[in-house]
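Peer 1: quick one, structure for this:
(2 chains)
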Amino acid sequence: MKDTDIKRLLYAHLLCIFSIILSIFIPSVFLENFSILETHLMWLCICSVFVTAVNLVLYLVVKPNISSKRNSLSHKVTRILKCCIYFLMSCFSFHVIFVLYGAPLIELVLETFSFAVLLSTFTTVPCLCLLGPNIKAWLRVFSRNGVTSIWENSLQITTISSFVGAWLGAFPIPLDWERPWQVWPISCTLGATFGYVAGLVISPLWIYWNRKQLTYKNN
Amino acid sequence: MNSLSCPRMQKISVLLFLAWVCFLFYAGIALFTSGFLLTRLELTNHSSCQEPPGPGFLPWGNQGKPGACWMASRFSRVVLVLIDALRFDFAQPQYSKVPGEPPVSLPFLGKLRSLQRILEIQPHHARLYRSQVDPPTTTMQRLKALTTGSLPTFIDAGNNFASHAILEDNLIKQLTNAGRRVVFMGDDTWKDLFPGAFSKAFFFSSFNVRDLHTVDNGILEHLYPTMDSGEWDVLIAHFLGVDHCGHKHGPHHPEMAKKLSQMDQVIQGLVDRLENDTLLVVAGDHGMTMNGDHGGDSELEVSAALFLYSPTALFPSTPPEEPEVIPQVSLVPTLALLLGLPIPFGNIGEVIAELFSAGKDSQPHLSALAQASALHLNAQQVSRFLHTYSAATQDLQVKELHQLQNLFSKASADYQWLLQNSQGAEAALQTVIAELQQFLRGARAICIESWARFSLVRMAGGAALLAAACFLCLLASQWATSPSFHFRPLLLIPGAWGLGGAILYAGLLATTGLKLDPVVLGTMAATSSLLPFLWKAWAGWGSKRPIATLLPIPGPVLLLLLIRLAAFFSDSFVVAEARATPFLLGSLILLLVAQLHWEGQLLPPKLLTIPRLGSSSPTGPPRHSGAYALKLGVGLLLCTRLAGLFHRCPEETPACHSSPWLSPLASMVGGRAKNLWYGACVGALVTLLVAVRLWLGRYGNLKSPEPPVLFVRWGLPVMALGTAAYWALASGADEAPPRLRALVAGASVVLPRAVVALAASGLMLLLWRPVTVLVKAGASAPRTRIVLTPFSGPPTSQADLDYVVPQIYRHMQEEFRGRLERTKSQGPLTVAAYQLGSIYSAAMVTALTFLAFPLLLLHAERISLVFLLLFLQSFLLLHLLAAGIPITTPGPFTVPWQAVSAWALMATQTFYSTGHQPVFPAIHWHAAFVGFPEGHGSSTWLPALLVGANTFASHLLFSVGCPLLLLWPFLCESQGPRKRRQPPGSEAEARVRPEEEVEEPLMEMRLRDAPHHFNAALLQLGLKYLFVLGVQILACTLAASILRRHLMVWKVFAPKFIFEAIGFIVSSVGLLLGIALVMRVDGAVSSWFRKLVLAHQR
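Peer 2: Down below sits the predicted model:
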């Protein structure tokens, strides 16, 4: 593991953070009355699109993944299709989990689903980019001593921090402060976003500080 | 092996130690309660005619006139109609917003038409007020306030079923002193409050809230005859029908319209009979919520109607558009002065000034003077009371009191000056009136503020004691895990010190001659018994142990626990706890699953170590398949969410809608839906029954011929049948044909009692013969002898017995297997399910089922679905937890913190999902009538027990079931080996020793093998559970003491503390019972083995 790798990681992550910041400011140029809280659904969609796009670009440019042996077109197409299906499935399963955690079942379905899409963007999309549609690899990365590169390590950190952020975001909801962001699912989406950004910031730093201890098994 | 380490002594010391820890907690709770829930000081002074409340001549100089006291009486007679729970909008006149269209139609709106008519036709004779009620809005507190003019405090809220005579000065006492004849009819609460005060009384029982008509019809039978007879001066009629209708059906039911129309007729009838010297007062004592409950302080509960009417003109002006808001206690001084009586000594109400304005034709100046004199008398009385009260206690804020006194003296001086210069302008009079009113309102405010005064020393002491007890639990649970753990010092030292402390305190009291306070005595004993332990902990601290050993709870669980505790400090979170607890529980469940995955226990290890080579066929199967744990987790989340559907909303969140499934089936109108629901409830019951039987059957415990097993086989279905029949009767009682009414009534008395009796006898049987084992040992005696011959010495010796038992067990298994093989040669070897392996948990599950049935009966029918979910959920959770707990033979055994925390969380969640809330109006009072449809007469403990069992059912079930947390991993052991039937590595071994089978799991017999560790584990389990519950109650006390001046303290924090405290007591008792049950089973197993050994040696 070289310092250049960590540098690349840091730049990639800064780009992701930048995309989130852009998703806050760019739409207000084009759209009337755009604000995160009032037109929250709109922001959710834009943020998801931006983050997905940046992730895809990064994947194509940086290529942290070892390219697969087969390179045929049909293989690529099935791979992309599989990725789409995985993404949709993760959106639906997140939705189900939110409902199981107490989100309203019938009301606010669109809001809940948008939140599921956003959380999938923060967690599933990087997984798909980095590991491909390979559940076993995912399970491996999210277990003790399972990571094999700094990219996977940072993926682990950002994903977990996104989840924790979304989880913490649920706590202000019952409080009686009567703020507009206390409404479901705004606090959770904001929490997930903050968690994701925090993960993006923390993971390169953490890897840098622990670079002596970190040894990856594969290469 | 000395006598102290014999298992029996160990068991007793474990139980006694736990009881001692419970005692510490109780002492802390009692001390805190005595400081937190203070009562107001009740003064016994009385006002009298001869002593005017202050200097200065009385208006009109009429002291000598007959019937006059502080003031000439305006009315010689009063009819007071008290309609329980007459909310303001029930009486409010309804006008259509758009002419031509009828006004909004709700069952409770616009039904009191006579009030509306009177207000329209005779505007100078009548007035409607919105009377502002002080919480708590329970009937007894309101009656106290309506007669004394004071503020009953919070602690009185608990006395609703055991009311006591009012000692303070009150209207009724003043009436009897003045020789007036008071006739009462209605609610028998008055009998307890004013024993012997009425010249004539017709009391009717108020307890049966399902009975809408008995009280009202009883009153109506006597009301008009009494009125016509003329043998009364004050007539009080307290109707309960509206309140009971609210409790039974809620205000939105057609029955409410009928009830209110009946009340309307009553009022009309009274108005027609009134004579000129009579005042009619129609008042509600409190309001009701949207559900028809009361007790709290929501807007709907604290606004009651107050209507005054006199056949002579009374008011100078016409009524305002929107009725005026007045405090409810204003009625007391007003009535007293109107009747020519002294105002009760402790009154803090303010007279309704416009009633004293001498009719509509009088001059404005005279009218204002009359008002001012009434207010002045009132102010003098309040000032006298404040003076006396502040002399008796130091409650009231000195500074504010001083300001008030200044205000009063100024107003009083102004008033005197105006009286002497009788040409005083009306404007000056109005200023005096405003000043007097300002003083009266200030006095009221200062009283309200200070009558929630706390004893900080006791509160801090109680909290400290609780904290120390929690600390003790934490440390002792760690000591219990160490292998060199001794039971002896646990008891003797604290016991001796505690006794010493108690004796010291008693001696101190004897020498100083003070009164013995049981709370302080208990505290002294608890504190002194804690001292040696604290000393030991301090000494241990000195040896510089790392902090990690002091805080053994794993990080994520600690975080969840801290979040849960922090939630007690926010009123929003206490209100939202019903939603927050499932959230935390779900988080903990997913955390457990994720942790299992993280530790690599869900995935084949090869997949993890050799990445990117994941072949589709894993070679080494994991201990538990990943899908299995994930399924358990998702199932648990699903159960939690489904149980959340049975949620009752707190009053504070108007946007939330309570589940309609919490009401009993009897309140449903639709026939088809009702039948479907009934079917679902019975289905839940049958499923529960079948599940328990299947579970017992699976582990083989259903084969035993022992009486408890027979009872499970035959008694349980009978219980289920009885419950189902009772539900059928209860839900359809109103539709029963008249011929069968008596039969239905009889059956609804007998059936619940029979079910409870069956459950009790089942529990008794279980305690008598807890060993549910099928004895087949005699089948091949020779082999048994061969196994048993190596022992020497008397078979009763403990060491030998410990040695013998596992061998007998293994031998019995072999034998049983041999027999099986003989019968079916290729049969699957499910001998792992030998009954001995699940003997403890079988007894626990049976006991829990026996407990659940009577508790289920106390709830509404549809809660049976929640009970089914509860059993399913705990089953899944136990499996999930067992997947993460390694079995450490031969001990020491541990129960991880996450297991105990999840269990406690689930108990709380079930409390909410059975339709409870920690506030008094939400208590399911109807539980008191299960099996006692006619009420209980004068007994109070039985209804309290029934209601308590309903409220704390989940606490009881989960705490009794707590030992399952220890037992379940051993039970799950039976699943592992069967899956590991053909492990590739063991093939070689099998070839070497072809005769020997894969060793069958010992399951719970592993616990028996190591009795010392077993007892230590039980102790540890108990301490951990007590710790988790104890920190909750500690957080509650801290929240209540830190936020004691919070707006919500009486509404949220104090009820939460009381519910937590009672819940803790119920849980701790349940825990002790559960552990005692396991020990009883253990003892019975020991004696069973002993008998077996003796039988074989013969």
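
Peer 1: quick check, distance from the helix or strand harbouring residue B:1079 to the centre of its chain.
Peer 2: Take DSSP states H and E as the rule and residue B:1079 turns out to sit in helix B:1054-1097. Between the centre of helix B:1054-1097 and the centre of its host chain there is 24 Å, according to CA atoms, centre = their mean, to the nearest Å.

Peer 1: how about stretch B:885-905: buried residues?
Peer 2: Across stretch B:885-905, burial judged by 16 or more other CB atoms under 10 Å in any protein chain shown covers B:885, B:887, B:891-905. Using the backbone N, CA and C atoms, a C-beta is placed for each residue, glycine as well.

Peer 1: looking at chain A, which residue is nearest chain B?
Peer 2: residue A:174 (3.4 Å; CB to the nearest CB).

Peer 1: what's the worst-scoring helix or strand of chain A on mean pLDDT packed up against?
Peer 2: Using mean pLDDT, DSSP states H and E, helix A:135-141 stands out as the lowest-scoring helix or strand of chain A, at a mean of 84. Applying 3 or more CB pairs under 8 Å, 6 or more residues apart in numbering or on different chains; DSSP states H and E, we find helix A:135-141 packed against helix A:109-131, helix A:150-169, helix B:605-609.

Peer 1: how much space separates whichever residue of chain B sits closest to chain A from residue B:1052?
Peer 2: Using CB to the nearest CB, the point where chain B gets nearest to chain A is residue B:576, with a distance of 3.4 Å. From residue B:576 over to residue B:1052 the distance is 11 Å, taken as CB to CB, to the nearest Å.

Peer 1: go on, residue B:81?
Peer 2: Distance of residue B:81 to residue B:1052, given as CB to CB: 35 Å.

Peer 1: okay, now the unreliable bits of chain A?
Peer 2: A:1-2, A:64-71, A:216-219 (pLDDT under 70).

Peer 1: for it, which residue occupies the most central location?
Peer 2: Taking CA atoms, centre = their mean, the centroid of chain A lies closest to residue A:122, which sits 1.1 Å from it.

Peer 1: pretty sure that one sits against residue A:189.
Peer 2: No. Contact criterion CB atoms under 8 Å: residue A:122 and residue A:189 do not qualify, at 10.0 Å.

Peer 1: which bits of chain A sit near chain B?
Peer 2: Within chain A, the positions lying close to chain B (CB under 8 Å from any CB of the partner chain) are A:97, A:99-102, A:136-137, A:139-140, A:142-146, A:148, A:167, A:170-171, A:174-176, A:217-218.

Peer 1: just the buried ones out of the residues you listed, please.
Peer 2: Buried members of the residues of chain A next to chain B, scored by 16+ other CB under 10 Å, are A:97, A:99-102, A:136-137, A:139-140, A:142-143, A:146, A:148, A:167, A:170-171, A:174.

Peer 1: re the thing from before, phi first, then psi, for the residue of chain A closest to chain B.
Peer 2: As for residue A:174, its main-chain torsions (degrees, to the nearest 10) stand at phi -70, psi -10.

Peer 1: quick one: it and residue B:577, what's the gap?
Peer 2: 9 Å.

Peer 1: kindly report the same for residue B:24.
Peer 2: Distance, residue B:24 to residue B:577, using CB to CB: 26 Å.

Peer 1: compare those two (neighbour count), which wins?
Peer 2: Between residue B:24 and residue B:577, counted using other CB atoms under 10 Å in any protein chain shown, the more crowded position is residue B:24 (29 against 23).

Peer 1: touching, the more buried one and residue B:471? I think so.
Peer 2: No. With contact defined as CB under 8 Å, residue B:24 does not count as touching residue B:471 (10.4 Å).

Peer 1: sorry, back to before: dump the least confident helix or strand of chain A to CSV, restricted to CA.
Peer 2: Taking C-alpha atoms only, helix A:135-141 is exported to CSV below (Å, rounded to 0.1, in the frame of the first residue of the first chain):
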residue,chain,number,x,y,z
ILE,A,135,-23.1,-10.9,-2.8
LYS,A,136,-20.5,-13.1,-1.4
ALA,A,137,-17.8,-10.4,-1.9
TRP,A,138,-20.1,-7.9,-0.1
LEU,A,139,-20.6,-10.2,2.8
ARG,A,140,-16.9,-10.7,2.9
VAL,A,141,-16.1,-7.0,3.0
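
Peer 1: phi and psi next, for the residue in chain A sticking out farthest from the centre.
Peer 2: What lies farthest from the middle of chain A is residue A:176; by CA atoms, centre = their mean that is 30.2 Å. Here is the backbone geometry of residue A:176 (degrees, to the nearest 10): phi -100, psi 40.

Peer 1: can you check residue A:173 too?
Peer 2: phi -60, psi -50.

Peer 1: show the contacting residues for it.
Peer 2: A:182, A:183, A:184, A:187 (CB atoms under 8 Å, 6 or more residues apart in numbering or on different chains).

Peer 1: and the two most separated of the residues you listed?
Peer 2: Maximum pairwise distance in those, criterion CB to CB, is 8.5 Å, between A:182 and A:184.

Peer 1: who has more neighbours, the two?
Peer 2: Shown here are residue A:182 and residue A:184; by other CB under 10 Å, residue A:184 has more neighbours (19 against 14).

Peer 1: pretty sure the more buried one is touching residue A:111, no?
Peer 2: Yes. Counting by CB under 8 Å, residue A:184 touches residue A:111, with 6.9 Å between them.

Peer 1: would you verify that residue B:128 is located in a strand?
Peer 2: Yes. Assessed with DSSP: H, G, I helix; E, B strand; the rest coil, residue B:128 lies in a strand.

Peer 1: is it in contact with residue B:119, as I believe?
Peer 2: Yes. Using CB under 8 Å, residue B:128 is in contact with residue B:119, at 6.2 Å.
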